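Visitor: sequence plus predicted model, see below.
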Amino acid sequence: MTTRSETRTTLDHLLTEIEHRNPAQPEFHQAAHEVLETLAPVVAARPEYAEPGLIERLVEPERQVLFRVPWQDDKGRVHVNRGFRVEFNSALGPYKGGLRFHPSVNLGVIKFLGFEQIFKNALTGLGIGGGKGGSDFDPHGRSDAEVMRFCQSFMTELHRHIGEHTDVPAGDIGVGGREIGYLFGQYRRITNRWEAGVLTGKGQGWGGSLIRPEATGYGNVLFAAAMLRERGEDLEGQTAVVSGSGNVAIYTIEKLAALGANAVTCSDSSGYVVDEKGVDVELLKQVKEVERGRVDTYAERRGSSARFVPGGSVWDVPADLALPSATQNELDESAAATLVRNGVKAVSEGANMPATPEAVHLLQKAGVAFGPGKAANAGGVAVSALEMAQNHARTSWTAAKVEEELADIMNNIHTTCHETAERYDAPGDYVTGANIAGFERVADAMLAQGVI
Ligand code: NDP
């Protein structure tokens with residue numbers, strides 16, 4: 001039997017190899033390090049996982065599609081963007097994961113997101129594999145007609161690679177209900193099929209699930225509540241800093257309020273808002289979702305309780321809880337140190353990989369409960385899988401039923417991560433618990449299905 005330290009050496013070699021074989025993909029390297037660095041105990045304990053080639057297959061996507069996306073703006077000028085779909089692992093079910101439209105998108109970013117998605121989807125206990133896609137298209141400042149033409153061009157290529165039993169995209173940064181509508185319309189037109197299960201996050205009148213828009217934010221708050229419960233506390237009366245002001249942030253703020261806590265911030269790439277009375281979520285929805293405005297407009301309309309801070313770090317605002325809900329690496333070591341100095345009790349990741357490895361280390365060392373994104377934000381993809389189930393059955397469930405399922409799934413994920421961490425001598429370490437529990441489920445399926 002190999003020891004943990006021998007296993008760690010083997011995994012370190014593999015990480016060096018990953019960096020060589022995937023140059024200039026720092027986000028993917030970071031995600032691979034974050035997972036592989038925690039696997040030594042399980043690989044040492046279960047010899048079948050040390051089988052040559054298993055982890056090598058896990059870190060190599062099954063398929064990567066890159067394509068040209070030409071489209072015309074309202075003045076008739078032609079733009080050329082890049083489209084990506086990384087189909088990472090389908091051992092547990094069809095590839096499942098969102099599409100991101102943001103200028104920072106490149107292959108390394110999509111691979112980091114797709115890799116995370118494998119373990120996240122495994123943790124939900126549902127039958128979904130891992131994938132991710134997107135484009136370096138920037139929807140900010142574009143008219144509805146421009147966004148529609150872009151989505152139509154994107155789907156004109158993507159439709160060849162997806163399908164309800166093959167690969168099922170959803171939204172992510174820059175892709176919400178409007179974009180999913182245009183993408184679905186073009187898929188239907190090209191294929192001449194009403195294939196509701198090919199995309200999730202659809203509108204409620206045409207195959208969407210109730211509670212899907214809310215699911216990631218609501219789920220993250222439920223995960224944070226479960227971590228607090230473990231320490232004999234609850235959400236009642238706690239203050240929270242939330243970053244971002246998109247889908248995840250809005251429904252995080254809404255659920256915190258519903259459970260007696262108070263979110264005092266929101267942000268976007270221009271700066272952040274502190275609202276002493278607590279963020280008014282209806283006003284935020286109006287500004288961001290209806291008017292597609294910025295958070296400084298929220299502050300202007302809110303009156304004296306709120307002020308806009310251009311630039312700066314939202315993590316400077318003292319609070320009991322922090323729920324990063326914008327983007328990767330938005331919470332670094334010095335922000336984590338500030339949070340700890342201000343007495344933060346729990347940090348739960350609504351975004352994917354928002355905390356840097358140094359920040360995670362510092363928070364855990366300071367005894368802060370830390371919920372990694374692949375566990376804490378899994379509510380979104382879980383309800384996407386419930387949307388697929390409703391589409392297959394040609395039915396729709398009530399909001400209450402979906403919320404009940406979501407709460408069960410989040411509590412199960414919390415319990416799984418907590419118990420797995422204890423089993424592998426890392427009590428309270430949700431990062432290790434999530435990585436090992438997700439890995440075990442995927443690895444078992446891969447071993448059973450042979451070398452493919
Ligand atoms: P949205 O596009 O709805 O909102 C993104 C928010 O984050 C905006 O406020 C945006 O501000 C801000 N943001 C994005 N990029 C940056 C950046 N580089 N710097 C500063 N601010 C930034 O996206 P979502 O809310 O859907 O996604 C947020 C995070 O949650 C992402 O990490 C995503 O991967 C993750 N996630 C989302 C799920 C979902 O169901 N939607 C599921 C699981 C995870 P601005 O407008 O100024 O760019």
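Guide: That came in fine, so what should we check first?
Visitor: would you verify that residue 116 is located in a strand?
Guide: No: counting by DSSP: H, G, I helix; E, B strand; the rest coil, residue 116 falls outside a strand, being helix.
Visitor: okay, now it: neighbour count?
Guide: Residue 116 sits with 27 neighbouring residues when counted by other C-beta atoms under 10 Å. No exception for glycine: its C-beta is placed from N, CA and C like everyone else's.
Visitor: again with residue 354
Guide: Neighbour tally, residue 354, other C-beta under 10 Å: 25.
Visitor: try the one 3 residues further on
Guide: Taking other C-beta under 10 Å as the criterion, the count of residues near residue 357 is 16.
Visitor: before we move on, what about the one 5 residues further on?
Guide: A count of nearby residues for residue 362, using other C-beta under 10 Å, gives 21.
Visitor: where does it land in three-state SS?
Guide: At residue 362 the chain is in helix, as set by three-state DSSP.
Visitor: need the contact list for it.
Guide: When contacts are counted by C-beta atoms under 8 Å, 6 or more residues apart in numbering, residue 362 is found next to 333, 336-337, 340.
Visitor: before we move on, what about residue 183?
Guide: Neighbouring residues of residue 183 by C-beta under 8 Å, 6+ apart: 99, 151, 154-155, 158, 169, 199.
Visitor: before we move on, the earlier item: which ones among the contacts of residue 362 are found in helices?
Guide: 333, 336-337, 340 (DSSP state H).
Visitor: right, and residue 289 touches residue 254 too?
Guide: No: look at residue 289 against residue 254 with C-beta atoms under 8 Å: they stay out of range, at 12.0 Å.
Visitor: which of those two has more residues huddled nearby?
Guide: residue 254 (20 against 17).
Visitor: does the more buried one touch residue 214 like I think?
Guide: Yes: counting by C-beta under 8 Å, residue 254 does reach residue 214; the two are 7.2 Å apart.
Visitor: filter the contacts of residue 362 to the buried ones?
Guide: With neighbours counted by 16 or more other C-beta atoms under 10 Å, the contacts of residue 362 contain buried members at 333, 336-337, 340.
Visitor: now the residues you listed in CSV, with pLDDT?
Guide: Listed next are the buried ones among the contacts of residue 362 as CSV, based on pLDDT from 0 to 100:
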residue, pLDDT
333, 98
336, 98
337, 98
340, 98
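Visitor: how about CSV for these, with distance to residue 143 added?
Guide: Compiled in CSV, those are given as follows (distance: C-beta to C-beta, whole Å):
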residue, distance to residue 143
333, 41
336, 40
337, 43
340, 45
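Visitor: any idea how far stretch 192-201 is from the middle of the chain?
Guide: Here the centre of stretch 192-201 is set off from its chain's centre by 22 Å, with C-alpha atoms, centre = their mean, to the nearest Å.
Visitor: wait, I meant stretch 425-441
Guide: Between the centre of stretch 425-441 and the centre of its chain there are 18 Å (C-alpha atoms, centre = their mean).
Visitor: over to stretch 314-325?
Guide: On C-alpha atoms, centre = their mean, the centre of stretch 314-325 falls 18 Å from the chain's centre.
Visitor: residues near residue 298, how many?
Guide: Counted with other C-beta under 10 Å, the neighbours of residue 298 add up to 23.
Visitor: strands along the stretch 351-452 of the chain, start to end?
Guide: With DSSP state E, counting those that start in this stretch applied, the stretch 351-452 of the chain shows strands at 369-371, listed in chain order.
Visitor: the longest helix seen in the chain - what's its average pLDDT?
Guide: Using DSSP H, we find that the single longest helix of the chain is helix 399-423. Over the span of helix 399-423, the pLDDT mean works out to 98.
Visitor: and for stretch 273-291?
Guide: Mean predicted confidence for stretch 273-291 is 97.
Visitor: try stretch 117-134
Guide: The model assigns stretch 117-134 a mean pLDDT of 98.
Visitor: now do that stretch: distance from first to last residue.
Guide: Stretch 117-134 has an end-to-end distance of 14 Å (C-alpha to C-alpha, to the nearest Å).
Visitor: how about it: buried residues?
Guide: Buried residues in stretch 117-134, counting neighbours by 16+ other C-beta under 10 Å, are found at 117-126, 128-134.
Visitor: what's the separation between residue 392 and residue 44?
Guide: Distance, residue 392 to residue 44, using C-beta to C-beta, to the nearest Å: 40 Å.
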